[in-house]
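Undergrad: The amino acid sequence is not available; the structure is as follows:
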Ligand SMILES: [Fe+2]
Ligand SMILES: [Fe+2]
């Protein structure tokens, strides 16, 4: 999946791009829960939505995680004990999400392959609902403790990181 950063706003600030990533995480986490409950969805459109959702979580989300662990964390580390603690927790949660994310993409793939099989929807919902809760808490932590520090960086500092984010996505396409 290609997610173009700041497509409509080439001069978008780093913070805007990060917030847009968070809105996508919220949207796709909610979609995964909905697909696990989509009893009246026609099988073909359910399968298509499952593929779309799985692709987001396996291709696009890891780029945002890399943005935070590789582009933000080293620049923020040492700012204060409180920020360091938040960064440690952020990285720990990224690691903790890996197992449930693998289960989620497997459940989405299974439902995409057999969208009329009701047990598969239940299985998806049981994985997607707690993962959505974990994501909401994770995003709230970053938005409360990490992003406000990024917001105080100069425009030049932010732009340097924006370039890194764009390079990360260009590498994936290349
Ligand atoms: Fe994160
Ligand atoms: Fe994030």
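TA: Here it is on my side, so go on. Note that the structure is predicted; figures quoted are calculated from it, not measured. Numbering: from 1, shown residues only. Ligands and ions are numbered 1, 2, ... in the order given.
Undergrad: need the helices for the protein, in chain order.
TA: 14-35, 43-55, 61-66, 73-76, 81-113, 118-141, 147-151, 155-173 (DSSP state H).
Undergrad: What are the buried residues along stretch 29-48?
TA: The neighbour-count check on stretch 29-48 (16 or more other Cβ atoms under 10 Å) flags 29, 31, 32, 33, 35, 36, 38, 41, 46, 47 as buried. Where C-beta positions appear, they are placed from N, C-alpha and C, glycine not excepted.
Undergrad: just to revisit the earlier point, got a markdown table for the helices of the chain, with mean pLDDT too?
TA: What follows is the helices of the chain, written out as a markdown table (pLDDT from 0 to 100):
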| stretch | mean pLDDT |
| --- | --- |
| helix 14-35 | 97 |
| helix 43-55 | 96 |
| helix 61-66 | 97 |
| helix 73-76 | 96 |
| helix 81-113 | 98 |
| helix 118-141 | 96 |
| helix 147-151 | 95 |
| helix 155-173 | 90 |
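Undergrad: tally of neighbours for residue 97?
TA: 18 (other Cβ atoms under 10 Å).
Undergrad: switch to numbering from 21
TA: Fine by me, first position is 21 from now on; the one you just mentioned is residue 117.
Undergrad: Next, count neighbours for the residue nearest to it when sequence neighbours are not counted.
TA: In space, residue 117 comes closest to residue 154 once its chain neighbours are excluded; the distance is 6.7 Å by Cβ to Cβ, 6 or more residues apart in numbering. By other Cβ under 10 Å, the residues close to residue 154 number 16.
Undergrad: Contacts only, for residue 181.
TA: 34, 91, 92, 95, 173 (Cβ atoms under 8 Å, 6 or more residues apart in numbering).
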